[in-house]
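Asker: Predicted model, plus sequence, below.
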Amino acid sequence: MATADALHTQREHAKWLAEAKNAHYLMVVKGNQPNLHAALKTPPWKEATARRHDRETGHGRRETRSIRTLPLTGLDPDFPHAVQAVKTPRHRTDLKTGRVTRQTIHALTDMTSLEASPQVIGRIARAQWGIKALHHLRDTTFTEDASKIRTGHGPANMTTPRNLAINTLQDAGHHNIAAGLREVSYTPITHPLDLPGLPLTCDATSPTRL
């Protein structure tokens, strides 16, 4: 199962996934594909009977999502192997300021309604959003996108310790990773190893970690 944001929603990518890799896909469609995007706005979405509503509260906001799907029979958006259209209106409320933001996301999938209900599509989409959120966190905290390590296994090798640091800080109760890193830096010899609870042993000269 492959998911893709709008930049990678390309016909050749969809064809390669479905035909060469025998894989399913869920691809977001935005303004960089204007004709395809317009085609997904025209279906009778109000008549969609396949719906799923999700509500979540966390990270200082409350979010409501309504996931609707329609078969593409007769709609013909001209996209390889696509059989379902997806529409997801999202409303977010900042719990501190009360500010409400609205966004509607459209997508295409090669999975039928029997293979992917709105509930299943919502779960797949949330998994992708989680990956994007983690990448955004790594970039804003560790300036990952500006890294000069870009060849071979280097980027993946550097991602591992960054993810380890983020997960360790979150497990220790730090909701703000940048602030957590600053706190750890005040005692860099011991504090980073205190978080996962590693034991401290002392010799005659200095404390060390087992």
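Answerer: Good, I have the coordinates.

Asker: And for Ile149, the neighbour number?
Answerer: 13 (other CB atoms under 10 Å). For glycine as for every other residue, the C-beta is placed from the backbone atoms N, C-alpha and C.

Asker: ok, now how distant is it from Pro155?
Answerer: Plainly put, Ile149 is 6 Å away from Pro155 if you go by CB to CB, to the nearest Å.

Asker: Met27 versus Leu40, what's the distance?
Answerer: According to CB to CB, Leu40 and Met27 sit 11 Å apart.

Asker: shared neighbours of these two, anything?
Answerer: Both Leu40 and Met27 are in contact with Leu108, where contact means CB atoms under 8 Å, 6 or more residues apart in numbering.

Asker: Would you mind listing the residues in contact with the nearest residue to Thr69 once chain neighbours are set aside?
Answerer: Once flanking residues are discounted, Thr69 sits nearest to Ala50: 4.6 Å by CB to CB, 6 or more residues apart in numbering. By CB under 8 Å, 6+ apart, Ala50 lies in contact with Arg68, Thr69, Leu70, Ser113, Ser117, Pro118.

Asker: Surely the fifth one touches Thr49?
Answerer: No. Distance between Ser117 and Thr49: 11.5 Å, which falls outside the contact criterion (CB atoms under 8 Å).

Asker: out of these two, which sits in the more crowded spot?
Answerer: Ser117 (17 against 7).

Asker: Secondary structure element for Asn167, which one?
Answerer: Taking DSSP states H and E as the definition, one finds Asn167 inside helix 154-171.

Asker: for that helix, which positions count as buried?
Answerer: The neighbour-count check on helix 154-171 (16 or more other CB atoms under 10 Å) flags Thr159, Arg162, Ala165, Ile166, Thr168, Leu169 as buried.

Asker: same question, stretch 98-109
Answerer: Under the neighbour-count criterion of 16+ other CB under 10 Å, stretch 98-109 has Ile105, His106, Ala107, Leu108, Thr109 buried.

Asker: cool, stretch 174-183 as well?
Answerer: Residues of stretch 174-183 classed as buried: His174, Ile177, Gly180, Leu181 (neighbour count, 16+ other CB under 10 Å).

Asker: what pLDDT, on average, does the host helix or strand of the last one get?
Answerer: Right, the one you point to is Leu181. Element membership of Leu181 [criterion: DSSP H and E] is helix 177-185. Helix 177-185 shows a mean pLDDT of 79.

Asker: tell me what the helix holding Asn167 is packed against?
Answerer: Secondary-structure packing of helix 154-171 (3 or more CB pairs under 8 Å, 6 or more residues apart in numbering; DSSP states H and E): helix 118-142, helix 177-185.

Asker: Low-confidence ranges, this structure, go.
Answerer: Across the chain, the ranges flagged by pLDDT under 70 are 59, 74-77, 128-137, 188-193, 195-210.
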